[in-house]
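**Student:** Quick one: sequence and predicted model below, then my questions.
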Amino acid sequence: MKNLIQTTILVLLLGNNCFAEDGNINPLPAAQTISLERAANQVIQDEHNRLLGAETEQIDDKSVHVIKVLTEQGHIRHYKFDAVTGQLLGN
């Protein structure tokens, strides 16, 4: 009885759209994010760089992972990844 009441309340709150019809399910889009650690590991593994620092900054109202590395040639390079999409923004 308790489950029936809970289900009825959910249907009233959410409307009839809370049930899949005819097997057509449209899931909510999942947020795609990349962690700071994953972005740093990607730069280190792909380029054989030495990690000097990593932090997440707000640049133009976007969360950006900034990875600072020392290259094999002895140069310091900064890689910037969009924290939401994981896209490399620049180095």
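**Tutor:** Okay, I see it. Residues are numbered from 1 along each chain as shown.
**Student:** And the strands in the protein, which stretches?
**Tutor:** Remark: strands of the chain, listed N- to C-terminal, are 50-59, 62-70, 76-82, 88-90; assignment by DSSP state E.
**Student:** So, low pLDDT: which residues of the protein?
**Tutor:** Across the chain, the stretches falling below the confidence threshold (pLDDT under 70) are 1-32, 91.
**Student:** returning to that earlier point: columns mean neighbour count on top of the strands of the chain, output as CSV?
**Tutor:** Using the backbone N, CA and C atoms, a C-beta is placed for each residue, glycine as well. Conversion of the strands of the chain to CSV gives the following (neighbours: other CB atoms under 10 Å):
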stretch, mean neighbour count
strand 50-59, 12
strand 62-70, 18
strand 76-82, 17
strand 88-90, 12
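**Student:** which one of those lies closest to Glu37?
**Tutor:** Nearest to Glu37, of all the strands of the chain, is strand 50-59, at 7.9 Å by CB to CB.
**Student:** what would the strands of the chain look like in a markdown table with distance to Val43?
**Tutor:** Listed next are the strands of the chain as a markdown table, based on distance: least, CB to CB, whole Å:
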| stretch | distance to Val43 |
| --- | --- |
| strand 50-59 | 8 |
| strand 62-70 | 5 |
| strand 76-82 | 5 |
| strand 88-90 | 9 |
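**Student:** who's in contact with stretch 41-59?
**Tutor:** Contacts of stretch 41-59 from elsewhere in the structure, counted by CB atoms under 8 Å, 6 or more residues apart in numbering, are 36-37, 39-40, 63-72, 76-77, 79-80, 83.
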